[in-house]
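Undergrad: Sequence below, structure please.
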Amino acid sequence: MPVFANYHCKTTIDCQQGAVRAVRYNVDGSYCMSCGSDKKIKLWNPATGLLLKTYGGHADEVTDVAGSCDSSYIVSSSLDKSIIYWDVSTGTPVRRLRSHAGGVRCVCFNEDSSITISGGRDNAVMCWDIRTRRLDPVQVMKDARDCITTVLTNENKIYAASLDGCIRHYDIRVGEMTCDKIGEPVTYLAKTQDEQCLVAGCQDSVVRLIDCETGGLLSEYKGHRADDYHIECGILANDAHIVAGSSAGDAYIWDLLEGKVLQRIRISDNGGVVHSLATHPRRSEELLFARRRDMYVFTTDLQIEEEQL
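TA: Residues are numbered from 1 along each chain as shown. Here you go, the predicted structure:
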């Protein structure tokens, strides 16, 4: 079992884009992105807090963003019902995709970044072939009865979480859909590095560990407060620790196997919901949190000591 070291705030970045809606790492964790209520996406160097580029083109709040497998492109979703596929270096939109009937809540790439998957307030999951000029989705899945909050994918499956209390698994190889009923609105979904389990953040202030194959509940993690907010959760790169934000201005880290709280991270003393977070894709010593207009880079004692040497 990896040794746990407490996290400390290394950098606080005022994103200056209104309320920060989501923070995300790129594929190798060398850069990060923030989405704002000012309708823009910003690209940052998390180590220095340096703003590298700003992407503007949406007509409403940007809700989610994802980087491609080679970090050359990003895709973003917005409440303006559109998805934009961006060229990272030039900052220009390559393609603007519209088919959702409501605001688009979440977006992701498949493994080779040839397909973009989106989920919206219209309860639909859509797959887009962004390497062609086709502007219509190649597949639409309308099985959910409420807003889609997260879409994830691996080589063979698409996972969609919804506020209707279900996680749906779409098996691309055989064309089957499996529905795991959680019973509580699922606000966020993350998968472990070995792709055996899903981590589901729910609106009843419980984070649940779900077995991908059986849909069985493996463990529950409690202590944080979700209230009526979309609180995100995640799993560190070592697959040993679960993390989640909280409506009380803090974040919690649990031991995956034992379910006990290892650290309560106080992000701010004057409140503010810690709603979005990102776990580093390769290093478990680094985390991103979002609260109000700020983004926070947290690192462990171990990493701070290495940098001082």
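Undergrad: C-alpha from now on. contacts and neighbour counts both.
TA: Fine.
Undergrad: Now stretch 215-233 - C-alpha only, CSV.
TA: Extracted in CSV, the C-alpha atoms of stretch 215-233 (Å, rounded to 0.1, in the frame of the first residue of the first chain):
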residue,chain,number,x,y,z
GLY,A,215,-22.3,-3.3,-10.9
GLY,A,216,-22.0,-4.2,-7.2
LEU,A,217,-21.3,-1.7,-4.4
LEU,A,218,-17.8,-2.3,-3.1
SER,A,219,-17.4,0.5,-0.6
GLU,A,220,-18.8,3.9,0.6
TYR,A,221,-17.0,7.0,1.6
LYS,A,222,-18.6,9.6,3.9
GLY,A,223,-17.7,12.8,5.7
HIS,A,224,-18.0,15.5,3.1
ARG,A,225,-21.1,17.5,2.3
ALA,A,226,-22.7,17.5,-1.2
ASP,A,227,-26.1,19.2,-0.4
ASP,A,228,-27.6,20.1,-3.8
TYR,A,229,-24.4,20.9,-5.6
HIS,A,230,-22.6,19.0,-8.4
ILE,A,231,-19.6,17.9,-6.3
GLU,A,232,-16.9,16.1,-8.2
CYS,A,233,-14.8,13.1,-7.0
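Undergrad: Give the buried residues for it.
TA: Buried residues in stretch 215-233, defined by neighbour count with 16 or more other CA atoms under 10 Å: 215, 220-226, 229-233.
Undergrad: now S34, what's its secondary structure?
TA: strand (DSSP: H, G, I helix; E, B strand; the rest coil).
Undergrad: where does the nearest residue to it once chain neighbours are set aside land on pLDDT?
TA: Closest residue in space to S34, ignoring its immediate chain neighbours: V23 at 4.5 Å, by CA to CA, 6 or more residues apart in numbering. If you check V23, the pLDDT there is 97.
Undergrad: V23 is in what secondary structure piece?
TA: Assigned by DSSP states H and E, V23 falls within strand 20-25.
Undergrad: That strand: how far from the chain's middle?
TA: 8 Å (CA atoms, centre = their mean, to the nearest Å).
Undergrad: from now on call the first residue 604
TA: Shifting the count to begin at 604 puts that one at strand 623-628.
Undergrad: strands paired with it, and their directions?
TA: Partners of strand 623-628 in the sheet, by DSSP bridges, are strand 635-639 (antiparallel).
Undergrad: If you count neighbours, what's buried in the partner strand?
TA: Residues C635, M636, S637, C638, G639 are the ones in strand 635-639 that count as buried (16+ other CA under 10 Å).
Undergrad: And the contacts of that strand?
TA: For strand 635-639, contacts defined as CA atoms under 8 Å, 6 or more residues apart in numbering pick out 618, 620-629, 644-649, 664-668, 898.
Undergrad: now do 7 Å
TA: The contact list for strand 635-639 (CA atoms under 7 Å, 6 or more residues apart in numbering) reads 620-629, 644-649, 664-668.
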